[in-house]
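When you get a sec, could you give me coordinates for this:
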Amino acid sequence: MTIESIQAWLEANPVWAPWALVGIILVLDTVVFLVARNLLARAIIYLTSRTKTKVDDILVKFMRPYRFAWIAPLLVTYYLATWFPSAVGFLRDLMLLGILWLTVITFNGMFTALNAIYEAGDAYRGVSIQGYMDLGKLLVVTIGVILTVAHITGQSPFALLSGLGAIMAVLVLIFHDTLLSFVASLQIQSQDLVREGDWIEMPAYDADGDVMNIALHTIKVRNWNNTITVVPTHKLLTTPYRNWRGMTESGGRRIKRALYVDLNSVRFCDQELVERLQKIALVKDYIARHLEGAEAEECDRQVCADHELTNVGVFRAYMTAYLQQRDDLHQTGLTLLVRQLDPGPTGLPLEVYAFTKTTAWEEYEAIQAEIFEHLVAAAPAFGLEVFQQPTGTDFQALAEPVA
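Here you go, the predicted model:
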């Protein structure tokens, strides 16, 4: 069958001619779509999978060649629309709009791919550019809307843009949060306030966990209880929060916890207690220095020991020496000390102020627990009692009659 015979048949059957032309176009569209999808798109995917770099793989993943293959049948229909003279304008407009929005979607996928490539790079340090990518997507969609309206109305896109000045106030109201978020994103990144992966605390939003994503409008935080908190980006500049990144970068996590000593158990060391404490290696030198000072003043050893050494003072020296011989604490560069705080209703606080060499939560808690378990157990050896509020058994003992 030749083209001349097909034309003759169409002229002889005017009722069936439009349907035949529609069938021919659908067949051609199907053929070119299958060719574009199964040959061109698959060839692109195959070639990218054979390369060593991951950049092209990310581009293919988000730009989706299979979806872009739909442009081929749209172009075929655009050029064959002349077969329908009465509807050629409508069909071509429809095809152009389809091509336009496929291009818009593809560009948006490209912005997503660029963000993924940036975050997958070796130079990525948690500073997100997704806010800029989201703004780029918004601009592309805006351009698509303007071109669509201009195409439908038949007006120039520049004429539409010149008319935007009259409705700028309305646009500012509509995109108020977007503008605030964009400015906030610029300040967050320029001042390096928050990065993806940072641990932040924001009590106003019950956020306490790692930053998962920093987008144009929102910041997603995965809390330690595995819930997700979404914080508006611009609120990061007006709402108090704490960023724990400095702790992680310093390589040390602070221990700041006090052991409360019962004031009733604090006393001067007598000769018996001194002799017993001298057997403890960590405070042997500390006691010796005090006893040497007493001998230099040529005073009675018993009297000087009684008035210069207290059990809580020796215990504080023991706590310091114990911390200084631990390999899991920073000994230089970061503060390590044991300090005595103001006595209060709960006793005399002896506070440990030190930094662990790990910032991992589980290891940090284990080190802190090990330190205070040891100190609580060691306190009775110095004649000290750890303070705690009276319990029911204490009151029961008071109520029992004395034999």
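
Run through the chain and note the low-pLDDT ranges.
In the predicted model of the chain, residues 1-22, 83-85, 125-127, 157-175, 293-307, 391-403 satisfy pLDDT under 70.

Domains in it, by residue range?
3-124, 188-248, 251-267+310-392 (automatic domain parsing).

Next, format those as CSV and append mean neighbour count and distance to residue 180.
For every residue, glycine as well, the C-beta is placed using N, CA and C. Putting the domains of the chain into CSV (neighbours: other C-beta atoms under 10 Å; distance: least, C-beta to C-beta, whole Å) gives the following:
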stretch, mean neighbour count, distance to residue 180
domain 3-124, 15, 21
domain 188-248, 16, 4
domain 251-267+310-392, 16, 34
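
In TSV: those, plus distance to residue 181.
Converted to TSV, the domains of the chain look like this (distance: least, C-beta to C-beta, whole Å):
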stretch	distance to residue 181
domain 3-124	16
domain 188-248	4
domain 251-267+310-392	31
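
Residue 277 is nearest to which of these?
Closest to residue 277 of the domains of the chain is domain 251-267+310-392 (C-beta to C-beta; 5.7 Å).

tally of neighbours for the closest residue in space to residue 325 that isn't next to it in sequence?
Nearest residue to residue 325, sequence neighbours excluded (C-beta to C-beta, 6 or more residues apart in numbering): residue 282, at 7.3 Å. Residue 282 has 17 neighbouring residues, counting by other C-beta atoms under 10 Å.

And whichever strand or helix holds residue 282, how far out from the chain middle?
Secondary structure from DSSP states H and E places residue 282 in helix 281-296. Computed by C-alpha atoms, centre = their mean, to the nearest Å, the separation of helix 281-296 from the middle of its chain amounts to 53 Å.

ditto for stretch 68-76
Distance of stretch 68-76 from the chain centroid (C-alpha atoms, centre = their mean) equals 41 Å.

Also stretch 91-100?
Worked out by C-alpha atoms, centre = their mean, stretch 91-100 lies 42 Å from the chain centre.

Could you shift the numbering so residue one becomes 40, and keep it that way?
Let's use 40 as the start, then, which means that last one is stretch 130-139.

From the rest of the structure, what touches it?
Applying C-beta atoms under 8 Å, 6 or more residues apart in numbering, the contact partners of stretch 130-139 are 109-110, 113-114, 116-117, 120, 123, 183, 186-187, 190-191.

if we go to 6 Å?
110, 113, 116, 117, 120 (C-beta atoms under 6 Å, 6 or more residues apart in numbering).

From those residues, which land in helices?
Mapping the contacts of stretch 130-139 onto helices (DSSP state H) picks out 110, 113, 116, 117.
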